[in-house]
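quick one: sequence and predicted model below, then my questions.
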Amino acid sequence: MKIGFCLPHDGELSRPENITLLAQRAEKLGFSSLIEPSDHNIMPNRIATTYPYSSSGEYTDTTSDLDQSITLSFLAAKTSTIRLMTGIIVVPYRNPIILANTLATLDYLSNGRLDIGAGVGWMKEEFGFLKIPYERRGEIMDENLKILKTIWSKEVPAFQGKYYQFNGAHFSPEVVQKPHPPIWIGGESPQAIRRAARLGDGWIPIDVNSKFPLNTLDRIEHSISKLRKEILAVGRKPEDVKIGFLPQDFALNDGEKSDTLFVGDADAILQSIREVEKLGINFLGLNFLQTDLESTISYSERFVDLVISKL
């Protein structure tokens, strides 16, 4: 099991010196990836769209976000081996040709350490600000992913789609990873599962989607079974699509009893990891962020000592 370290995207911990220290410490501790979460370009003062990852439907995160690609590029220069993951970049927000250049540059400058967590987005108001049709974000996402793959894998790429068409062009830089950096599809809906099967190198859902919860082993197993059926239906093999997981309820504590996955003492966390590993999950992104730098480092070190060392 590979364990990713979720980075801050705002606040005191995201200051350059602090996020650098966290990234370097995560690399030294042996975490497999740095995950820069949350992708918002402009936030409305009032959000009416239902937030899928809270029981109330209200947006529960902060309204400040670092740009994922720039942050990971900054940290690529501060680290040497740990992988760098967008988690999750909203693909329909951006012109796919410009996005292809941005992500290829990040892969190039990091010497092939980029993983792309990609999703369709959920906030209707932000789509409105960006003048992108919210109701068509799924088909825009699919076309954009095909464009990214075409640009990265073809010497002379050409594309004829509904939203974009091009030919007779040259694109640079070349990606280091061939045919392209791994694309992990986020989302828990049937549409997201089908997208992962058709277009993804991985699927990386969250556990607390109120409409499509994945907070029990039975629910996780059911969704993975659907994914594998979709993979076979499009002529791919199950091993072509890796499976990750982002448990938002994760909490390592001192022996408090809980029926929630990834909550409890070290033994409980280890049991959760082993159970989901049996289902085919081979990557976890965990949030160790606390109120200050020292407690965040201490918490992550404790996890390494009590959990990772026993995997």
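Sure thing, it's come through. Residues are numbered from 1 along each chain as shown.

neighbouring contacts of the longest strand belonging to the chain?
Here the longest strand in the chain is taken by residue count, with DSSP state E as the criterion, and it is strand 83-90. Outside of strand 83-90, the residues that reach it under the criterion C-beta atoms under 8 Å, 6 or more residues apart in numbering are 4, 6, 32-37, 39, 68-69, 72, 75-76, 106, 110, 113-121, 184, 186, 204, 246, 285. (C-beta placed from N, C-alpha, C; glycine too.)

ok, stretch 49-64 next?
Here stretch 49-64 has contacts from 9-11, 38, 40, 43, 47, 122-125, 206, 208-211, 248, using C-beta under 8 Å, 6+ apart.

from the contacts of strand 83-90, which land in helices?
Assigned to helices by DSSP state H, the following of the contacts of strand 83-90 qualify: 68-69, 72, 75-76, 106.

let me know whether Leu114 touches Leu106 as I believe.
Yes: here Leu114 lies in contact with Leu106, judged by C-beta atoms under 8 Å, at a distance of 5.3 Å.

from Arg228, how far off is the residue nearest the centre of the chain?
The geometric centre of the chain, computed from its C-alpha atoms, lies nearest to Gly87 (C-alpha atoms, centre = their mean), at 2.7 Å. As for Gly87, its distance to Arg228 is 23 Å (criterion: C-beta to C-beta, to the nearest Å).

and Arg83, by the same measure?
25 Å.

tell me which of the two has more neighbours.
Counting neighbours by other C-beta atoms under 10 Å for Arg83 and for Arg228 shows that Arg83 has the greater number, 21 against 18.

residues contacting the nearest residue to His40 once chain neighbours are set aside?
Using C-beta to C-beta, 6 or more residues apart in numbering and skipping residues adjacent in sequence, the residue nearest His40 is Asp65, 4.6 Å away. The contact partners of Asp65, by C-beta under 8 Å, 6+ apart, come to 9-10, 38-41, 43.

is it possible to get a markdown table of those that adds neighbour count?
A markdown table is the format used below for the contacts of Asp65 (neighbours: other C-beta atoms under 10 Å):
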| residue | neighbour count |
| --- | --- |
| His9 | 23 |
| Asp10 | 13 |
| Ser38 | 19 |
| Asp39 | 24 |
| His40 | 19 |
| Asn41 | 12 |
| Met43 | 15 |
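
now for those, which pair is the farthest apart?
Greatest spacing in the contacts of Asp65, by C-beta to C-beta: Asp10 and Asn41 (13.8 Å).

need the distance between the two termini of stretch 104-118.
The first and last residues of stretch 104-118 sit 15 Å apart, counting by C-alpha to C-alpha, to the nearest Å.

much appreciated, bye for now.
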